[in-house]
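Visitor: From the sequence below, what's the structure:
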Amino acid sequence: MQLRTLDSDDPRDVLRALRAAVLGAGPAVALGGPSGMPEDVPAGTAVVVTTSGSSGYPKSVALSRSALTSSALATAERIGSGSWLLALPGTYVAGVQVMVRALVAGRDPAILAGSFTPETFTAAASAMAASEGGRRVPTYTSLVPAQVQTLVDAGEADAAVAGAFASFEAVLVGGQALPPALAERAAALGARIVRTYGSTETSGGCVYDGVPLDGARLRIEDGEVQLAGPMLADGYIGDPERTADAFVRDGDGMRWYRTGDLGSVEGGMLRVTGRRDNVIVSGGVNVSLDRVEQTVRTLPGLAGAVVVPTADERWGAASVVVLSRAALAGRPEPELLDEARRIVGDAIGAPARPRELLVLDEVPLTSSGKPDRALLGRLLADEA
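Guide: Residues are numbered from 1 along each chain as shown. Coordinates of the predicted model:
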């Protein structure tokens, strides 16, 4: 199968390329890819999505037509079918899947014009209103938590924004965990949030509100969340060793993706508790920075705070809480740090207490809406 690297990130160009790759005869399309991508990929490949997430390690993930359409059909089976609004970058898997879901449903997606703001979102949502046979066509969209925060903050003061947010049959939210307090505020505005869990390697979210989509399977092996099903990627282009490490087969031949996430299944629902690799050793004690971050985010105003590791001469490693200047809300930094250290110490233990705060104008995000932990790590290294 021939592979075409798409140089444009214009969603209209991406949509045209996906229409040919997913519904037509191709060629396959490479999105966000580095130079030097191969000219050919295995038969059946539709899209190669290159992503580094928040770790900075680039991965070129090969997704087949079958994987993408299986995911889209399973989503429609779970939440319904209708019109989709693309409010995410089209070169990332969540944006790709919005377009694929729309194409599989026989519709073109609506595309949010310009930068994401409460005003552009409201205008795009309002323009989607349509009916068929006298019945309203349901609308859907997919967002990341930072976008939800933007809409909630605006919607609590602007009825038009709140109405637009509430007009969607379902709003899929993924990319990172949605803070419970933010989810409650969104629900109070009438928004119907569906929390999704997955990755590029699973064609986007394949676990909705803790329950796998039809066809997807979930297991916990040695504490690690692993996923299986027809929506799995074929692997990583040009990296057979990484492919073999991430995709494994069980005794029955079932192929599983090792997510690297820690979790458990409670009451039939998945609960993700952190990352295997987001652990520091501070004073000889293993500390999960995910647990520290979850605890810090319970403080008023710190739902968007990020906890990152840093070197420490005495303890070997420590953590830093990164927050926006607006999140301070006039509170003195020493007072807020003392409060964060207290609640973390009470919840997890003294070795887990963050060492300091790093206050920035804004917490940097990757283009997919996740905290840019790699950039924050470099900022801390430069300050050391």
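
Visitor: in the stretch 51-200 of the chain, which spans are helices?
Guide: For the stretch 51-200 of the chain, the helices defined by DSSP state H, counting those that start in this stretch cover 65-79, 93-104, 118-127, 145-155, 159-166, 180-188.

Visitor: send the alpha carbons of the fifth one over as CSV?
Guide: Yep, that's helix 159-166 we're talking about. Taking C-alpha atoms only, helix 159-166 is exported to CSV below (Å, rounded to 0.1, in the frame of the first residue of the first chain):
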residue,chain,number,x,y,z
ALA,A,159,-26.3,31.1,28.7
ALA,A,160,-25.5,30.9,25.0
VAL,A,161,-22.3,29.0,25.6
ALA,A,162,-24.0,26.7,28.2
GLY,A,163,-26.8,26.0,25.7
ALA,A,164,-24.3,25.1,23.0
PHE,A,165,-22.4,22.8,25.3
ALA,A,166,-25.7,21.1,26.4
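
Visitor: looking at the helices of the stretch 51-200 of the chain, which is buried most?
Guide: Counting by mean count of other C-beta atoms under 10 Å, helix 93-104 has the highest mean neighbour count of the helices of the stretch 51-200 of the chain, with a mean of 26. In this view, the C-beta of every residue, glycine as well, is placed from N, C-alpha and C.

Visitor: can you give me the mean pLDDT across that one?
Guide: Averaging pLDDT along helix 93-104 gives 96.

Visitor: what's the distance between that helix and the middle of its chain?
Guide: In this view, helix 93-104 has its centroid 15 Å away from the chain centroid, taken as C-alpha atoms, centre = their mean, to the nearest Å.

Visitor: With stretch 101-111 instead?
Guide: Using C-alpha atoms, centre = their mean, the offset of stretch 101-111 from its chain centre is 21 Å.

Visitor: How about residues contacting that stretch?
Guide: 11-12, 15, 18-19, 22-23, 69, 72-73, 75-76, 81-86, 98-99, 124, 127-128, 140 (C-beta atoms under 8 Å, 6 or more residues apart in numbering).

Visitor: quick revisit: how about JSON lines for the helices of the stretch 51-200 of the chain, with distance to Leu112 added?
Guide: Converted to JSON lines, the helices of the stretch 51-200 of the chain look like this (distance: least, C-beta to C-beta, whole Å):
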{"stretch": "helix 65-79", "distance to Leu112": "20"}
{"stretch": "helix 93-104", "distance to Leu112": "11"}
{"stretch": "helix 118-127", "distance to Leu112": "5"}
{"stretch": "helix 145-155", "distance to Leu112": "10"}
{"stretch": "helix 159-166", "distance to Leu112": "11"}
{"stretch": "helix 180-188", "distance to Leu112": "18"}
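
Visitor: Which one, of those, ends up nearest to Gly377?
Guide: For Gly377, the closest of the helices of the stretch 51-200 of the chain is helix 145-155, at 19.4 Å, according to C-beta to C-beta.
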